[in-house]
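K.L.:
what follows is a predicted structure for the sequence shown.
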Amino acid sequence: MADTPKKTLGLETAEPAVTPSPADVESTIEKKPVSPRASRKREIPQGLWTKCPECEEMIFDKELEENQKVCPHCSHHFQTTAWARIESLTESGSFQESDGNMISVDTLEFTGTAAYAEKLEKHREKTGLKDAVITGVGRMGNHKVALGVMDFNFLGGSMGSVVGEKITRIIETATESRLPAIIISSSGGARMYEGMFSLMQLAKTSAAIAYHGRQSLPYLSILTHPTTAGVMASYASLGDLIISEPKAMIGFAGPRVIKDTTQSELPKGFQTAEFLMERGLIDSIINRKDMKARLTEYLDYLCLNIERN
């Protein structure tokens, strides 16, 4: 019997597909060289650029350092260190630190999520500082000045017994040597780990400044972001001239606490340097890069009284 041809419904039969080996695939794909532009992102080292939180521009870190941590695009003031401020304000090699080895102790044996003693040690290693303020005497233009500079990087610039003692001592040095005093504040307020020992510093520093003023000696207070709570409630608000960097947050309680307590909306720009200057609390707002020149001008005038006496 003859074979009956198979009906295919018009469809051609095809050989089953065979998956080529990886080696065959690689040989048929043309390899294109990777352009340097495509791999540029990988070649940029970490920590070379900083993004400005204000204008969102990328800034070369070296350029930012040379510009005293001020954004070259929008003049946003980044936080900087106490030593960097001293270097930018005083004449080269003129600053002599005082009480540099004074350190805080855990008198109350404070414990919490981390012991106070552990926090102190951690921040000493992190910042290279003994505590949150550096004090000493240096030269600014033609003027010898007693200078105290706080550093927010050390426990938020909080004021404990050592900070209060060093501030008081540098004010007393200024009084005894008949020098103008300048304190640059950057602080979240009193140091809670020291309890009442911290709060006592408000009265002590304020008393030293009051005596300094009774000798007809000038005291300039410079406020930087942020200056709040116990520090603002004491020596930071007592200057013959009160100067601030632009857009610094200045106040006692934070805006969220005030809003929740008063149950009311706060005005636009509340607790900024510009808001407070409009209302008379601040005398001048000065860009960090212009600070030394302007302070020198103020001292030229204020120190005339010292020279006469």
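P.N.:
Cool, the structure landed. Numbering: from 1, shown residues only.
K.L.:
ok, longest helix in this protein?
P.N.:
helix 196-214 (DSSP state H).
K.L.:
determine how far that one lies from the middle of the whole chain.
P.N.:
Relative to the chain's own centre, helix 196-214 is displaced by 25 Å; criterion: C-alpha atoms, centre = their mean, to the nearest Å.
K.L.:
residues of the next helix or strand after it that come out buried?
P.N.:
Following helix 196-214 in sequence order, the next helix or strand is strand 219-228 (DSSP states H and E). Using 16 or more other C-beta atoms under 10 Å as the burial criterion, the residues of strand 219-228 that qualify are 219, 220, 221, 222, 223, 224, 225, 226, 227, 228. C-betas here are computed from N, CA, C, even on glycine.
K.L.:
hmm, back to that, helices and strands around the longest helix of the chain, which ones?
P.N.:
helix 161-177, strand 219-228, helix 229-232 (3 or more C-beta pairs under 8 Å, 6 or more residues apart in numbering; DSSP states H and E).
K.L.:
export these to CSV and tack on mean pLDDT and distance to residue 126?
P.N.:
Output for the helices and strands packed on helix 196-214, formatted as CSV (pLDDT from 0 to 100; distance: least, C-beta to C-beta, whole Å):
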stretch, mean pLDDT, distance to residue 126
helix 161-177, 97, 17
strand 219-228, 96, 19
helix 229-232, 92, 21
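K.L.:
can you tell which of the ones you listed is closest to residue 289?
P.N.:
Of all these, the one in closest proximity to residue 289, counting by C-beta to C-beta, is strand 219-228 (13.6 Å).
K.L.:
and that closest one, what other elements does it pack with?
P.N.:
Strand 219-228 packs on strand 181-187, helix 196-214, strand 241-244, strand 250-251, helix 291-302, going by 3+ C-beta pairs under 8 Å, 6+ apart.
K.L.:
quick one, strands of this protein?
P.N.:
49-51, 58-60, 96-98, 133-140, 143-150, 181-187, 219-228, 241-244, 250-251, 284-285 (DSSP state E).
K.L.:
each with direction, which strands does the longest one pair with?
P.N.:
According to DSSP bridges, the neighbouring strands of strand 219-228, each with its direction, are strand 181-187 (parallel), strand 241-244 (parallel), strand 250-251 (parallel).
K.L.:
mean pLDDT for these: which is lowest?
P.N.:
Lowest mean pLDDT of the strands paired with strand 219-228: strand 250-251, a mean of 92.
K.L.:
quick one: it to chain centroid distance?
P.N.:
Worked out by C-alpha atoms, centre = their mean, strand 250-251 lies 15 Å from the chain centre.
K.L.:
likewise stretch 229-245?
P.N.:
Counting by C-alpha atoms, centre = their mean, stretch 229-245 comes out at 17 Å from the chain centroid.
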